[in-house]
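**Q** Turn this into a structure:
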Amino acid sequence: MEDKNLPGLTTPWQVADVELDVNGGEIRVSVEHPRGVKFECPECDCSLPCFDHGEERRWRHLDSCQFKTILIAKVPRVKCPEHGVKTVSVPWAEGSSRFTLLFERFAIDVLQATQTIKRATGILNLKWDATWNIVERAVKRGKARKTNSPLPRIGIDEKAFLKGQSYVSMIYDLDNSTVEAISDGNDTEAAIACFSQLSKEQIDSVEAVAMDMSASYVKATKQVIPLAEGKIVHDHFHVMQLANKAVDKVRKRENRELIAEGDTTLVGSKYLWLRSFENQTEAQEARFNEIYNHELDTAKAWGHKEVLRNLWLQKDESTATKYFNDWYKRVIHSNLEPMKTLAKTIKERLKNVVSYCTHGITNAVAEGMNSKIMSIKRRVGGFRNIQNFKTAIFFYCGGLDLDPR
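**A** Reported below is the predicted structural model:
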């Protein structure tokens, strides 16, 4: 039964005294329990009389009329025949927390809404470390509650913690858009460590894995996921990114040659070739058509790239394989070396490219999540180590039950 005088306070606890400190901006609420009340041993739930009390403790509670509210109590201890002297649990707070459950719930809502530690500290009137402690405890709580739900469609990708220096590997649930596992590094060992955070039941439930063409991730997946060869899907956005890079290499080479001859046709045209024709503005389309009519190698490379896009529109793997082989023959007999290199790269992994036609998954969720993660990283601030970075990812993107109650 909850005491109506103070939300979160339940029988046998009751308000004993309230002190208003106007200058300090605080309301201090002292609570106590009647004599003779029995409490449960936190280890075995055995009901026992109060043995003694610990030192006075304080908890930050929800503000009252813009005054910081502090809950004050001496917590009872019981002497259990089996477990010895133990401090009992209080109904308004977790173990060693310095905040009441209601305050932590409010703090989590503020952190989720602002997605920035700095702004949250201002609203909550807390220091960074105290606010971060709430985040850490919430993630620990959420992980402990998480069930081993099936993960039929997952993605694995990397994200830089410090650009070019430190990476983490992440596994995503593509159906629920959540981060399921994180490990340090982006090599085979890191990927295996990531997979090891999933239960055997989850590993066995995997039907498809989206990834880029990282040899490390392929190797790890084949080691961990049963029948992985037929489940790996190389993300088609990654493949098309490779295609764009190949087109750009052709453009750079040809642009240098043209400039040497005094021809500036390709100068400033980079982004015309990196987007599809239907996504161009009218001005871009006009200039594109003007350049395209010159029948340059860059235009030919762009044409091959656009034809490749239709690979993922084929109805099944067999049709897609035939489509690719026809495309491959045309490209491999051209004089466009970067495009030929691209064609050979795809051919080596073709089975796991056309597998998209069966599984229909991409790492688009991962890319969207990566953008969110980096946005959070910029706004949260205070990342002193990679562990904090991982904690923030789970807090904001883990789909965890963070509620302290």
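**Q** shaky segments in the stretch 101-250 of the chain?
**A** Using pLDDT under 70 as the threshold, the predicted model of the stretch 101-250 of the chain has low-confidence ranges 162-165.
**Q** Show me where the stretch 151-300 of the chain has its helices.
**A** Ranges of helices within the stretch 151-300 of the chain are 188-195, 200-205, 215-224, 236-260, 282-292, 297-309, based on DSSP state H, counting those that start in this stretch.
**Q** Excluding chain neighbours, what is closest to residue 145?
**A** Leaving aside its sequence neighbours, residue 145 sits nearest to residue 401 (C-beta to C-beta, 6 or more residues apart in numbering; 4.9 Å). For the C-beta atoms, the positions are set from N, CA and C on the backbone; glycine is no exception.
**Q** what about residue 249, how many neighbours?
**A** 18 (other C-beta atoms under 10 Å).
**Q** same thing with the one 4 residues further on?
**A** By other C-beta under 10 Å, 15 other residues sit near residue 253.
**Q** swap in the one 4 residues further on?
**A** If you count neighbours by other C-beta under 10 Å, residue 257 ends up with 13.
**Q** With residue 189 instead?
**A** 14.
**Q** Next one: the residue nearest to it when sequence neighbours are not counted from residue 169, what distance?
**A** Nearest non-adjacent residue to residue 189, counting by C-beta to C-beta, 6+ apart: residue 220, 7.9 Å away. Counting by C-beta to C-beta, to the nearest Å, the gap from residue 220 to residue 169 is 9 Å.
**Q** okay, and the common contacts of those two?
**A** By the contact definition C-beta atoms under 8 Å, 6 or more residues apart in numbering, residue 220 and residue 169 are jointly contacted by 191, 194.
**Q** what about the two, which has more around it?
**A** Set side by side, residue 220 and residue 169 give different neighbour counts by other C-beta under 10 Å, the larger being at residue 169 (27 against 24).
**Q** give me every residue that touches the closest residue to the more buried one other than its chain neighbours.
**A** Nearest-residue entry for residue 169: residue 190, 4.5 Å, with adjacent residues in sequence omitted and distances by C-beta to C-beta, 6+ apart. For residue 190, the contacting residues are 167, 168, 169, 183, 184, 216, by C-beta under 8 Å, 6+ apart.
**Q** Report the buried members of the residues you listed.
**A** Members of those that pass the buried threshold by neighbour count (16 or more other C-beta atoms under 10 Å) are listed as 167, 168, 169, 183, 184, 216.
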